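Enquirer: compute the structure for the input listed below.
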Amino acid sequence: MDGTQVKVSRNGQVSIPAAVRHRWGTSTVLIIDRGDYAIVRPVPDDPIGALRGAYATPGPATDAARASDRAAEAASDNRRQDEAG
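Expert: I've put the predicted structure just below:
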């Protein structure tokens, strides 16, 4: 996983490198705030068209998805506590 350090402007804007924008092929992104870090995910220009065929099989069970989210939150909380002291 490669990382690119960018600056935040006075207006709170961040420039996504051109190579990344071109690879994603979209002009819209979703920012997910995870507390001690943020996730930047591309959003397709045609989200309905992007889903066609992608979800032909059943996804994870609700209980499994919730357990995964709880585990991710616990790991994030543990990292935050470890960094705090």
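
Enquirer: let me see the contact set for the spatially most central residue of the chain.
Expert: Geometric centre of the chain, nearest residue: residue 39, 3.4 Å, by CA atoms, centre = their mean. Contacts for residue 39 (CB atoms under 8 Å, 6 or more residues apart in numbering) come out as 31, 32. Any C-beta I mention is one placed from the backbone N, CA and C, and that applies to glycine too.

Enquirer: pretty sure residue 39 is in a helix, no?
Expert: No. Under DSSP: H, G, I helix; E, B strand; the rest coil, residue 39 sits outside any helix and is assigned strand.

Enquirer: and the contacts of stretch 48-55?
Expert: Residues contacting stretch 48-55 (CB under 8 Å, 6+ apart): residue 44.

Enquirer: can you show me the CA trace of that stretch as CSV?
Expert: This file holds the C-alpha atoms of stretch 48-55, laid out as CSV (Å, rounded to 0.1, in the frame of the first residue of the first chain):
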residue,chain,number,x,y,z
ILE,A,48,-26.4,2.0,-9.8
GLY,A,49,-24.6,1.0,-13.0
ALA,A,50,-21.5,0.0,-11.0
LEU,A,51,-23.6,-2.3,-8.9
ARG,A,52,-25.1,-4.3,-11.7
GLY,A,53,-23.8,-7.8,-11.5
ALA,A,54,-21.5,-7.0,-8.6
TYR,A,55,-23.9,-8.3,-6.0
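
Enquirer: tell me the buried residues in it?
Expert: Within stretch 48-55, no residue counts as buried by 16 or more other CB atoms under 10 Å.

Enquirer: I'd like the numbering to begin with 8 instead of 1 from here.
Expert: Let's use 8 as the start, then, which means that last one is stretch 55-62.

Enquirer: quick one: distance of stretch 67-77 to the chain centre.
Expert: 17 Å (CA atoms, centre = their mean, to the nearest Å).

Enquirer: ok, back up a step: so the residue nearest to the centre of the chain bridges to which residues?
Expert: Beta-bridge pairing of residue 46 under DSSP bridges involves residue 39.

Enquirer: quick one: the strands in the protein?
Expert: For the chain, strands defined by DSSP state E occupy the ranges 35-40, 45-50.

Enquirer: cheers, nothing more for now.
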